[in-house]
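Asker: Sequence and predicted structure are below.
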Amino acid sequence: MHALMSTDLARIEHDERERDTQVALARAEQARSREHAASHPPERRLGLALLLLYARAH
């Protein structure tokens, strides 16, 4: 019985660490995405998009 409880506890701890890791990775990706977006202001992205559309049309 004790071994079963230890196994269950180990599994729970493993799952919690895995979840914490996934949350940390997601937060890091969101931060990276925000930093990337901040380095490319909307006006610049719009200008680039218009330039690409123009290039495709011609």
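Answerer: Thanks, I have the structure now.
Asker: which ones are touching Asp8?
Answerer: Residues in contact with Asp8 (C-beta atoms under 8 Å, 6 or more residues apart in numbering): none are found. Where you see a C-beta, it was placed from the backbone N, CA and C, and this is true even at glycine.
Asker: heads up, I number from 759, so please use that
Answerer: In the new numbering, first residue 759, that becomes Asp766.
Asker: Just say helix, strand or coil for it.
Answerer: Taken by DSSP: H, G, I helix; E, B strand; the rest coil, the conformation at Asp766 corresponds to helix.
Asker: so how far is the helix or strand containing Leu808 from its chain's centroid?
Answerer: Using DSSP states H and E, Leu808 maps to helix 800-815. Centre-to-centre, helix 800-815 and its host chain are 26 Å apart (C-alpha atoms, centre = their mean, to the nearest Å).
Asker: could I get it in PDB with only the CA atoms?
Answerer: Extracted C-alpha coordinates of helix 800-815, given in PDB (Å, rounded to 0.1, in the frame of the first residue of the first chain):
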ATOM      1  CA  PRO A 800       2.300  48.200 -37.000                       C
ATOM      2  CA  GLU A 801       3.100  51.000 -39.400                       C
ATOM      3  CA  ARG A 802       6.200  49.200 -40.600                       C
ATOM      4  CA  ARG A 803       4.300  45.900 -40.900                       C
ATOM      5  CA  LEU A 804       1.500  47.600 -42.800                       C
ATOM      6  CA  GLY A 805       4.000  49.200 -45.200                       C
ATOM      7  CA  LEU A 806       5.800  45.900 -45.700                       C
ATOM      8  CA  ALA A 807       2.400  44.200 -46.400                       C
ATOM      9  CA  LEU A 808       1.400  46.800 -48.900                       C
ATOM     10  CA  LEU A 809       4.800  46.600 -50.600                       C
ATOM     11  CA  LEU A 810       4.500  42.800 -50.900                       C
ATOM     12  CA  LEU A 811       1.000  43.100 -52.300                       C
ATOM     13  CA  TYR A 812       2.200  45.700 -54.800                       C
ATOM     14  CA  ALA A 813       5.200  43.400 -55.800                       C
ATOM     15  CA  ARG A 814       2.800  40.500 -56.300                       C
ATOM     16  CA  ALA A 815       0.500  42.500 -58.500                       C
END
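Asker: Right, I'll leave it there.
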